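Engineer: With the sequence up front, the predicted model follows.
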Amino acid sequence: MGIDHKANLGRKADLIAISHSHGDHWDRDIISFLTGPCTTIVAPKKAAKHIGNGVRVIATDQNIDLNGLSIKAVPAYNIGKIFHRKGKGVGFLMTAGGRTVYHAGDTDLIPEMSSFRNVFLAFLPIGGRFTMRVDEAARATKVISPEVVIPMHWLKTDPSELEKLLSDNVKVKVRVMRPGDTLRFD
């Protein structure tokens, strides 16, 4: 992508959550740079094999608790596409301090999303080729009903399209993130 990830980071990660084994979702150099003595890495089995030792393997519907952070792996897959088959990758519901963050991973709008409750922040893909399209992400937002949604995995899609599609929904705030942006919730 041409982004210097290292230039934007000042400290090591507490958690690295990897959704699946495709190479654009795990980069050994970036993982190595982000990993410190207290970093936990979670990934599905096939992705964990690429990363090496010290990875906690997580499967769909499995929970891991880390010092007050609950991480639940949830389904992430394509419907009618061959890129992400059901059972190969995961999304994450991460809960701490009473707030839940949903990271969808590479997925389409899937029926399981209707069971997600009390999501504060959702990261949803909008690129369309390998994941759901932006209109599907808007529908997913309405199903999940988070307070904040961040479009990701854009490919050639303009992320402001999600803002336009959700402009009538006063319950959700769309936040478009650019490299170097930070997001803080108190």
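Structural biologist: Structure received. Residues are numbered from 1 along each chain as shown.
Engineer: what bits of the protein have low per-residue confidence?
Structural biologist: Where the chain drops to pLDDT under 70, the residues are 1-10, 20-25, 84, 186.
Engineer: What residue in it is the furthest from its centre?
Structural biologist: Ranking residues of the chain by C-alpha distance from their mean position (Cα atoms, centre = their mean) puts residue 168 at the top, at 24.6 Å.
Engineer: Break down the chain into its strands, ranges please.
Structural biologist: Secondary structure of the chain (DSSP state E): strands located at 15-17, 40-43, 55-57, 63-66, 69-76, 89-96, 99-103, 119-125, 148-152, 173-174.
Engineer: Let's have those in a markdown table, adding mean neighbour count and distance to residue 30.
Structural biologist: C-beta: built from backbone N, CA, C; applies to glycine. Shown next, in a markdown table, are these (neighbours: other Cβ atoms under 10 Å; distance: least, Cβ to Cβ, whole Å):
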| stretch | mean neighbour count | distance to residue 30 |
| --- | --- | --- |
| strand 15-17 | 18 | 9 |
| strand 40-43 | 22 | 12 |
| strand 55-57 | 17 | 15 |
| strand 63-66 | 13 | 21 |
| strand 69-76 | 20 | 20 |
| strand 89-96 | 22 | 18 |
| strand 99-103 | 19 | 16 |
| strand 119-125 | 22 | 17 |
| strand 148-152 | 22 | 16 |
| strand 173-174 | 18 | 26 |
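Engineer: Looking at these, which is nearest to residue 82?
Structural biologist: strand 89-96 (13.1 Å; Cβ to Cβ).
Engineer: The closest one pairs with which strands?
Structural biologist: strand 69-76 (antiparallel), strand 99-103 (antiparallel) (DSSP bridges).
Engineer: Those: which one's closest to residue 130?
Structural biologist: Using Cβ to Cβ, the strands paired with strand 89-96 put strand 69-76 closest to residue 130, at 11.4 Å.
Engineer: Pull the residues that contact that closest one.
Structural biologist: The contact list for strand 69-76, computed with Cβ atoms under 8 Å, 6 or more residues apart in numbering, reads 15, 17, 19-20, 42, 44, 58-65, 84, 86-87, 89-96, 102, 104-107, 110, 112, 116.
Engineer: residues in contact with the residue nearest in space to the middle of the chain?
Structural biologist: When Cα atoms, centre = their mean is applied to the chain, the residue found nearest the centroid is residue 103 (2.7 Å). Residues in contact with residue 103 (Cβ under 8 Å, 6+ apart) are 17, 19, 91-92, 94, 123.
Engineer: Repeat that for residue 148.
Structural biologist: 120-122, 172-175.
Engineer: repeat that with 7 Å
Structural biologist: 120-121, 172-173, 175 (Cβ atoms under 7 Å, 6 or more residues apart in numbering).
Engineer: can I get those residues in TSV with distance to residue 185?
Structural biologist: As requested, those are exported to TSV (distance: Cβ to Cβ, whole Å):
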residue	distance to residue 185
120	8
121	8
172	14
173	11
175	11
